[in-house]
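Visitor: Predicted model and sequence follow; I will ask about them next.
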Amino acid sequence: DGGITQSPKYLFRKEGQNVTLSCEQNLNHDAMYWYRQDPGQGLRLIYYSQIVNDFQKGDIAEGYSVSREKKESFPLTVTSAQKNPTAFYLCASSSRPRGQGVDGYTFGSGTRLTVV
Amino acid sequence: GNSVTQMEGPVTLSEEAFLTINCTYTATGYPSLFWYVQYPGEGLQLLLKATKADDKGSNKGFEATYRKETTSFHLEKGSVQVSDSAVYFCALETNAGKSTFGDGTTLTVKP
């Protein structure tokens, strides 16, 4: 079955460390997204990519970085510059690029990151 | 900017009760509207969508109608089950591809 796989499910980060969250999809979707979810709040967009080797900042990109070297993969690195990284991180994909029709998103199961 | 406002939760219902979760939006143009459901510890799943005024999205007994005159997209279900307990998110996406999510409404259904 096609879908999005996020790993790990739980991740612990020490102060000053960079950590990378994995996101892989086998849906053949061009567009991929990273969202952050905090308790009782909606989703906020961190980064998105509509094509390999290209990505754009979302609303809260500071302290995060991404790469898109393959269509299937869109890893997110939470750097030490992100002052409050404890959150639930969701990767999503869409069959259509932004602004070319709306189909909704397919989401992964998320990674819960905790700073210890 | 765009915004989505959902009724505050948590909402607690008995099994077989009628469900309404209100959602209103503010956006320029004619956005598409969505309802997503999130079960504990999981990502969001697309529940239903509507892309133009007066469209009705439906799935698994849930329905929502795109009401442009009231800028609303209320989620309804005639008879809820314990398995419907989850967090429900209303969202919009503009033609420019910008998405906005509501804060989510937690539904608990008791047997």
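Guide: On my side now, so go ahead.

Visitor: Specify the beta-bridge partners of the most centrally placed residue in chain A.
Guide: Chain A has A:W34 as the residue nearest its centroid, 2.5 Å off, counting by C-alpha atoms, centre = their mean. Beta-bridge partners for A:W34, by DSSP bridges, are A:Y47, A:C91.

Visitor: pLDDT wise, what is it at?
Guide: Per-residue confidence (pLDDT) for A:W34: 97.

Visitor: Model confidence score at A:G101, please.
Guide: Reported pLDDT for A:G101: 60.

Visitor: Quick check: phi and psi on B:E63?
Guide: phi -140, psi 150 (degrees, to the nearest 10).

Visitor: just to revisit the earlier point, which residues does the residue nearest to the centre of chain A contact?
Guide: Going by C-beta atoms under 8 Å, 6 or more residues apart in numbering or on different chains, A:W34 touches A:23, A:45-48, A:58, A:64, A:66, A:74, A:76, A:89-92. In this view, the C-beta of every residue, glycine as well, is placed from N, C-alpha and C.

Visitor: do the same with B:G102
Guide: A:G42, B:V4, B:T5, B:Q6, B:C23, B:F89, B:C90, B:A91.

Visitor: In chain B, which residue sits closest to chain A?
Guide: Per C-beta to the nearest C-beta, B:G97 is where chain B lies closest to chain A, at 2.7 Å.

Visitor: In this structure that residue contacts A:D103, no?
Guide: No - assessed by C-beta atoms under 8 Å, B:G97 is found out of contact with A:D103, at 11.2 Å.

Visitor: Quick one: distance of the helix or strand bottoming out on mean pLDDT in chain B to the chain centre.
Guide: Ranked by mean pLDDT, DSSP states H and E, the weakest helix or strand in chain B is strand B:99-101, scoring a mean of 91. In terms of C-alpha atoms, centre = their mean, to the nearest Å, the gap separating the centre of strand B:99-101 from the centre of its chain is 12 Å.

Visitor: Can I get stretch A:24-40 as PDB, trimmed to CA atoms?
Guide: The C-alpha trace of stretch A:24-40 is given here as PDB (Å, rounded to 0.1, in the frame of the first residue of the first chain):
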ATOM      1  CA  GLU A  24       9.700   8.700   2.800                       C
ATOM      2  CA  GLN A  25       6.700   8.400   0.500                       C
ATOM      3  CA  ASN A  26       5.900   5.800  -2.200                       C
ATOM      4  CA  LEU A  27       2.900   7.700  -3.600                       C
ATOM      5  CA  ASN A  28       4.800   9.300  -6.500                       C
ATOM      6  CA  HIS A  29       3.700  12.700  -5.200                       C
ATOM      7  CA  ASP A  30       5.700  15.700  -6.300                       C
ATOM      8  CA  ALA A  31       4.800  18.000  -3.400                       C
ATOM      9  CA  MET A  32       6.000  17.300   0.100                       C
ATOM     10  CA  TYR A  33       5.500  19.300   3.300                       C
ATOM     11  CA  TRP A  34       6.700  19.500   6.900                       C
ATOM     12  CA  TYR A  35       4.300  20.700   9.600                       C
ATOM     13  CA  ARG A  36       4.700  21.300  13.300                       C
ATOM     14  CA  GLN A  37       1.900  20.500  15.700                       C
ATOM     15  CA  ASP A  38       1.800  21.900  19.300                       C
ATOM     16  CA  PRO A  39      -0.800  20.800  21.900                       C
ATOM     17  CA  GLY A  40      -4.200  22.300  21.300                       C
END
